[in-house]
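Student: okay, sequence plus prediction incoming.
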Amino acid sequence: MKALVIEKAADRSLQDLNFVEVLVPTSAEHEGLIKVHADGFSPVDYKIIEGVVSAWPYPHVLGLDVAGEIVSVGKKVTTWHVADWVSGHGDLTKNGCFAEYVIAPPYELVKNSSFCVSCEIATRDLCGTLTAYEAIERKANFANVNTVLVHDAAGGVGSIAIQC
């Protein structure tokens, strides 16, 4: 399969990325294999190219945000089935989704049909939505707060944050 990869640890810019042939990943018993229909390219994707992730194997497939169709599941996966349409946000330490297929554990996925959106929309909004959710629901303490000011609500994170 074709994948967009960083070929070696010394590659640290977008210009170093290359499409190469790699093996289709094999899912473990607790993972599913997804045929990728759309990827989201977020700021995280290009920023981590310049950083160092010691857990990366090389060549490393980039990409965090994916939408597609499950084509196989491991024997311990009970929440997803072949032909389910899903989107998900991956793990920085593992190979990503800028490829024709990607593996993912169930906890990284959400069913697309419940949102009635295209794969392209599903991947476009994942990073911003998760960032807004983390900031508002998990990091901030709004126990005694009645009003919150969201600066720059025209961006991806801010536009989601004002809807919470």
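Tutor: Perfect, thanks for sending it.

Student: from Ile48, how far out is Gly63?
Tutor: Here the criterion is C-beta to C-beta, to the nearest Å. By it, Gly63 lies 11 Å from Ile48. Bear in mind the C-beta positions are built from the backbone N, C-alpha and C, glycine included.

Student: and the two? Which one has more around it.
Tutor: Gly63 (23 against 17; other C-beta atoms under 10 Å).

Student: surely that one meets Tyr101?
Tutor: No: here Gly63 does not reach Tyr101: they are 11.7 Å apart, not a contact under C-beta atoms under 8 Å.

Student: pretty sure Val44 sits in a helix.
Tutor: Yes: counting by DSSP: H, G, I helix; E, B strand; the rest coil, Val44 is located in a helix.

Student: tell me the confidence at it?
Tutor: Confidence at Val44, expressed as pLDDT, is 83.

Student: kindly report the same for the one 4 residues further on.
Tutor: On pLDDT, Ile48 comes in at 84.

Student: now swap in Val52 and tell me
Tutor: pLDDT recorded at Val52 is 68.

Student: buried ones in the lowest-mean-pLDDT helix or strand in the chain?
Tutor: Ranked by mean pLDDT, DSSP states H and E, the weakest helix or strand in the chain is helix 119-133, scoring a mean of 75. Residues of helix 119-133 classed as buried by neighbour count (16 or more other C-beta atoms under 10 Å): 119, 121-132.

Student: where along the protein do the strands fall?
Tutor: 2-6, 18-21, 32-40, 60-61, 65-73, 85-89, 101-104, 109-111 (DSSP state E).

Student: could you list the low-confidence segments of this structure?
Tutor: Across the chain, the ranges flagged by pLDDT under 70 are 52, 113-117, 164.

Student: what residue of it is the furthest out?
Tutor: Distance from the C-alpha centroid of the chain, by C-alpha atoms, centre = their mean, peaks at Asn144 (33.4 Å).

Student: residues contacting that residue?
Tutor: With contact set as C-beta atoms under 8 Å, 6 or more residues apart in numbering, Asn144 has no partners.

Student: and the nearest residue to Ala104 once chain neighbours are set aside, how close does it get to Leu64?
Tutor: Distances taken as C-beta to C-beta, 6 or more residues apart in numbering place Gly88 nearest to Ala104, at 5.3 Å, with adjacent residues excluded. Counting by C-beta to C-beta, the separation of Gly88 from Leu64 is 9 Å.

Student: all set, thanks.
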